[in-house]
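Engineer: fold the following, please.
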Amino acid sequence: MEILDPTHETEPIGGEAPARLDSLAGRTVGVVSNGKEGTKAFFAHMEDILRSEYGVADVVQRVKLNYSAPAEHELMQEAMGWDAVLSGVGD
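Structural biologist: Predicted structure coming up:
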């Protein structure tokens with residue numbers, strides 16, 4: 001009998017969470033949506049709140065190409081330039 005172990009053979013590479021932002025004022029916040037209809041109005045309202053109540057300078061809204069798959073590499077690369085990211089789903 002052969003027993004297979006599905007766990008990964010090496011230790012995962014660790015990382016540290018980035019420092020928290022003191023404020024969102026003047027920052028760029030990215031919003032990544034899964035593209036379902038329920039997110040459209042919610043994220044539009046969220047953008048209004050981020051700008052009016054938190055002083056966010058720019059809100060970048062992006063929609064994944066496939067709602068059930070991870071975000072595309074290009075989108076993840078773009079997100080590296082944002083100060084903060086919100087991600088959400090809607091049904």
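
Engineer: partners of the lowest-mean-pLDDT helix or strand in the chain, with directions?
Structural biologist: One helix or strand of the chain scores below all others by mean pLDDT, DSSP states H and E: strand 84-88, with a mean of 91. Strand 84-88 has its sheet partners listed here by DSSP bridges as strand 28-33 (parallel).

Engineer: using CSV, list the CA coordinates for the strand it pairs with.
Structural biologist: As requested, C-alpha coordinates have been extracted for strand 28-33 and formatted as CSV (Å, rounded to 0.1, in the frame of the first residue of the first chain):
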residue,chain,number,x,y,z
THR,A,28,-5.4,56.2,-3.8
VAL,A,29,-7.8,53.4,-2.9
GLY,A,30,-8.4,50.5,-5.4
VAL,A,31,-11.7,48.7,-5.5
VAL,A,32,-11.7,45.2,-7.0
SER,A,33,-15.1,43.8,-7.8
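
Engineer: circling back: buried sites along the least confident helix or strand of the chain?
Structural biologist: Buried positions in strand 84-88, judged by neighbour count with 16 or more other C-beta atoms under 10 Å: Ala84, Val85, Leu86. Where you see a C-beta, it was placed from the backbone N, CA and C, and this is true even at glycine.
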